[in-house]
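In: No letters, just coordinates:
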């Protein structure tokens, strides 16, 4: 085992003792895969604003601000985001498949080439953001708001909407029809 991988493994084992910040530090410093369904991050902060190749699969993430951050080629599949704040953020080539966004606010952000297949958005807001060349196939939107959202070359096959809203500022693909459960508000 290389020295870096050994240190990363040791840091991740110690995470319950020293806290999630040590685990995040291990991931950011050594590029480790963080695949730990029992790990929760609360109030954590990423010092770096430009993060590439992060592997945060099946992690519970609460009350985290990702304002002004850039995430590229990162995997958040199966993770649970609660009260996430992402303003002026860029997510490119990221995988959110099976992820859950609960009461999260995403504003003035861009999602380019991202996968949200079978993701769940519960009580979340997406404001003045762009969804470009992404997939929301099978995603569910429950009590979510899409205000000023620009959707370009994005697939939403089988996406379900329940008690969700969008406004007239939102830009949908040509010929798009609002599905049941997604209402236009003034």
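Out: On my side now, so go ahead. The structure displayed is predicted, hence computed values, not measured ones. Numbering: from 1, shown residues only.

In: list the contacts for the spatially most central residue of the chain?
Out: The chain has residue 96 as the residue nearest its centroid, 5.7 Å off, counting by C-alpha atoms, centre = their mean. By C-beta atoms under 8 Å, 6 or more residues apart in numbering, the contact set of residue 96 is 76, 77, 79, 114, 115, 116, 119. Any C-beta I mention is one placed from the backbone N, CA and C, and that applies to glycine too.

In: Could you rerun that using 10 Å?
Out: By C-beta atoms under 10 Å, 6 or more residues apart in numbering, the contact set of residue 96 is 74-79, 81, 111, 114-119, 121, 134-136, 139.

In: Among those residues, name the ones in strands.
Out: 81, 111, 121 (DSSP state E).

In: For the second one, list each beta-bridge partner.
Out: Just to be clear, that refers to residue 111. Note on residue 111: beta-bridge partners by DSSP bridges are residue 91, residue 131.

In: what separates it from residue 186, distance-wise?
Out: 26 Å (C-beta to C-beta, to the nearest Å).

In: ok, back up a step: dump the ones in strands among the contacts of residue 96 to CSV, plus pLDDT.
Out: Shown next, in CSV, are the ones in strands among the contacts of residue 96 (pLDDT from 0 to 100):
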residue, pLDDT
81, 93
111, 98
121, 97
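
In: Closest one of these to residue 174?
Out: Set against residue 174, the nearest of those by C-beta to C-beta is residue 111 (20.1 Å).

In: which residues sit in contact with the closest one?
Out: Neighbouring residues of residue 111 by C-beta under 10 Å, 6+ apart: 71, 86, 89-92, 94, 96, 126, 129-134, 136, 154.

In: Now, of these, which are buried?
Out: Buried members of these, counted by 16 or more other C-beta atoms under 10 Å: 71, 86, 89-92, 94, 96, 126, 129-132, 134, 136, 154.

In: any idea how far residue 142 is from residue 72?
Out: Applying C-beta to C-beta to residue 142 and residue 72 gives a distance of 29 Å.

In: Next: residue 156.
Out: For residue 156, the distance to residue 72 equals 23 Å [C-beta to C-beta].

In: more crowded one of those two?
Out: Taking other C-beta atoms under 10 Å, residue 156 and residue 72 do not tie; residue 156 has more neighbours (21 against 16).

In: Verify the stated contact: that one with residue 135.
Out: Yes. The pair residue 156 and residue 135 passes the contact test of C-beta atoms under 10 Å, sitting 8.1 Å apart.

In: any common contacting residues for the two?
Out: With C-beta under 10 Å, 6+ apart as the test, residue 156 and residue 135 both reach residue 116.

In: Alright, that wraps it up for me.
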